[in-house]
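In: model this:
(one chain, ligands or ions: 1)
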Amino acid sequence: MGVKNIVVFASGSGSNFQAIIDAVEANSIDARITGLITNNSNIQAIDRASNAGIPSRVILPSQYSDSTAFGLAILDVLEEWKPDLIVLAGYMIKVPTNVTRRYRGRIINIHPALLPKYGGKGYYGERVHRAVLEAGEQESGCTVHYVDEDYDRGPIIDQKKVPVLPGDTPQTLAERVLHEEHQLLPQVIQQLLSKL
Ligand code: GAR
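Out: Coordinates of the predicted model:
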């Protein structure tokens, strides 16, 4: 049983990615991060990777003829980085089916709402929080779940709740939820790795 490998997918600021990096450095996650895959060359997550000495690869769906070809490009990189666990940490596009099939049970996502509510196509980032506020919900939160072929519909592993407060904007709610994401995601990762 060697050290376990984590590969992270991110599309934006990468604050969840940073929470994983910090947890690995603090030994509260017993693994190493072997790489970061992104679909955007101009994001803070890439700087976070290079500051931590983690290789990153930009794989743009627009450069491939279809989702299968895009997936094959991802699978090539994964072959090299040999993940025991793949973590989608703010990855804003759908993972191709050939990837989710190959890594079934070993690929998880964090979503900024209490799934099964406010998930699926079109529900990502700030749009999720806007929808929660527009619906007048009293609470929201975050969910870590397994990723399968169905967007945001894989089995739920764990959730954390936060209250919706009077006067909340999508930004203030996002901040409150994000704070919980940064606790929940590393916890779940360690819990899953310890069972592998
Ligand atoms: C996080 O809130 C994450 O849950 C959400 O995007 C944000 C990324 O922030 N993910 C989704 O909406 C996926 N459907 P980060 O880049 O700072 O981690």
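
In: Next to the ligand, which bits of the chain? Give me the list.
Out: Counting by C-beta under 6 Å from any ligand atom, the chain comes close to the ligand at 10, 12-16, 89-90, 110-112, 124-125, 128, 178, 181. Where C-beta positions appear, they are placed from N, C-alpha and C, glycine not excepted.

In: now the residues you listed: which count as buried?
Out: Buried members of the residues of the chain next to the ligand, scored by 16 or more other C-beta atoms under 10 Å, are 10, 12, 14-16, 89-90, 110-112, 124, 128, 178, 181.

In: Among those residues, which pair sits farthest apart?
Out: Gly14 and Val128 (17.8 Å; C-beta to C-beta).

In: residues touching Thr97, list them.
Out: Ser67, Thr68, Gly71, Glu149 (C-beta atoms under 8 Å, 6 or more residues apart in numbering).

In: Recalculate using a threshold of 7 Å.
Out: Gly71, Glu149 (C-beta atoms under 7 Å, 6 or more residues apart in numbering).

In: go on, Leu193?
Out: Contacts for Leu193 (C-beta under 7 Å, 6+ apart) come out as Lys4, Ile29, Asp30, Ala31, Asp84, Leu85.

In: Make JSON lines from those residues and add pLDDT and secondary structure to it.
Out: Compiled in JSON lines, those are given as follows (pLDDT from 0 to 100; DSSP: H, G, I helix; E, B strand; the rest coil):
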{"residue": "Lys4", "pLDDT": "97", "secondary structure": "coil"}
{"residue": "Ile29", "pLDDT": "98", "secondary structure": "coil"}
{"residue": "Asp30", "pLDDT": "97", "secondary structure": "coil"}
{"residue": "Ala31", "pLDDT": "98", "secondary structure": "coil"}
{"residue": "Asp84", "pLDDT": "98", "secondary structure": "coil"}
{"residue": "Leu85", "pLDDT": "98", "secondary structure": "strand"}
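
In: Among the residues of the chain next to the ligand, pick out the one closest to Asp47, please.
Out: Set against Asp47, the nearest of these by C-beta to C-beta is Gly14 (8.2 Å).

In: pretty sure that closest one is touching Asn40, no?
Out: No. The criterion here is C-beta atoms under 7 Å, and Gly14 misses it with Asn40 at 10.6 Å.
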